[in-house]
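Asker: what's the 3D shape of this:
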Amino acid sequence: DIEGMTCASCVARVERALRKVPGVASAAVNLAAGTATVEYLPGAASPESFRAAVEGAGYAVPRVEPGEDPVARQERVQREEEGRLRSRLAVGLSCGIPLLLLSHGHMLFGGDLLPISGFAAAVLQFLLATPIQFYSGSRYYLGAWAAARHGTTDMNTLVALGTSVAYLYSVVATFVPAWVSAEALTVHLYFETSAAIIVLVLLGRYFEARAKGRTSEAV
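Answerer: A predicted model of the protein is given here:
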């Protein structure tokens, strides 16, 4: 079992790491199941060397307790992952929906939904977007940092970089607008853009986790 894989590049990275272990004949990674199958010479390689290779590539190999039922362990891990995604998604939706209405309510309903505008509205958007950026999106920062420590990039890097640029620009535009303003140009905020990306990707991850859990149970 391997934890932390999110895309095809993760699969390729883990397979390369396992194939470099002396004594390994072949290695195949299944992203949907979150597992790796390794064929090796028992005298030349061991499961511990595989664990070290996977962890060296930036991923985790959960330790199985003696006597623990692998099916029960898989169900427990699946429930924990769904729970983490659900809590982050709940925060994202509860803050993201008001943020979207605040930033685009005038286009959706023909007028502002709240009797505030200007700096006060910008600060409120900042307050709504910050929990999404750093709590709901925390898994992307952690994943991007883990990849960076091993000299690689992945989908977490893309999400973290893209949303951070939109968020940080909006923070500057809110509190120090002179830094990004120019004559005859209107300063726009993009808090809802970073929030929408995080929430939508989280939603996809949650559906993916549920589908993987049901598939594993069926198998």
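Asker: what packs against the helix or strand containing residue 165?
Answerer: Assigned by DSSP states H and E, residue 165 belongs to helix 155-175. Under the contact definition 3 or more Cβ pairs under 8 Å, 6 or more residues apart in numbering; DSSP states H and E, helix 155-175 sits against helix 118-131, helix 138-149, helix 191-218. Yep, even glycine has a C-beta here, placed from its N, CA and C like the rest.
Asker: dump the residue contacts of residue 84.
Answerer: residue 139 (Cβ atoms under 8 Å, 6 or more residues apart in numbering).
Asker: surely it forms part of a strand?
Answerer: No - looking at residue 84 with DSSP: H, G, I helix; E, B strand; the rest coil, it is helix, so not inside a strand.
Asker: separation between it and residue 135?
Answerer: Between residue 84 and residue 135 the computed distance is 11 Å (Cβ to Cβ, to the nearest Å).
Asker: okay, buried residues for the lowest-mean-pLDDT helix or strand in the chain please.
Answerer: Least confident helix or strand, the chain: helix 70-109 with a mean of 84, by mean pLDDT, DSSP states H and E. For helix 70-109, the neighbour count (16 or more other Cβ atoms under 10 Å) marks 74, 77-78, 81-82, 85, 88-89, 92-93, 95-96, 98-103 as buried.
Asker: with stretch 154-165 instead?
Answerer: Buried residues in stretch 154-165 (16+ other Cβ under 10 Å): 154-157, 159-160, 163-164.
Asker: could you do stretch 189-206 as well?
Answerer: In stretch 189-206, counting by 16+ other Cβ under 10 Å, buried: 189-199, 201-202, 205-206.
Asker: any weak-confidence spans in this protein?
Answerer: For the chain, applying pLDDT under 70 flags the ranges 65, 105-117, 183-184, 216-219.
Asker: 80 - rerun?
Answerer: 32-33, 63-77, 104-117, 150, 181-186, 212-219 (pLDDT under 80).
Asker: dihedrals phi and psi, the closest residue to residue 8 other than its chain neighbours?
Answerer: With sequence-adjacent residues excluded and distances taken as Cβ to Cβ, 6 or more residues apart in numbering, residue 8 is closest to residue 31, at 7.1 Å. With angles defined as degrees, to the nearest 10, residue 31 sits at phi -70, psi -40.
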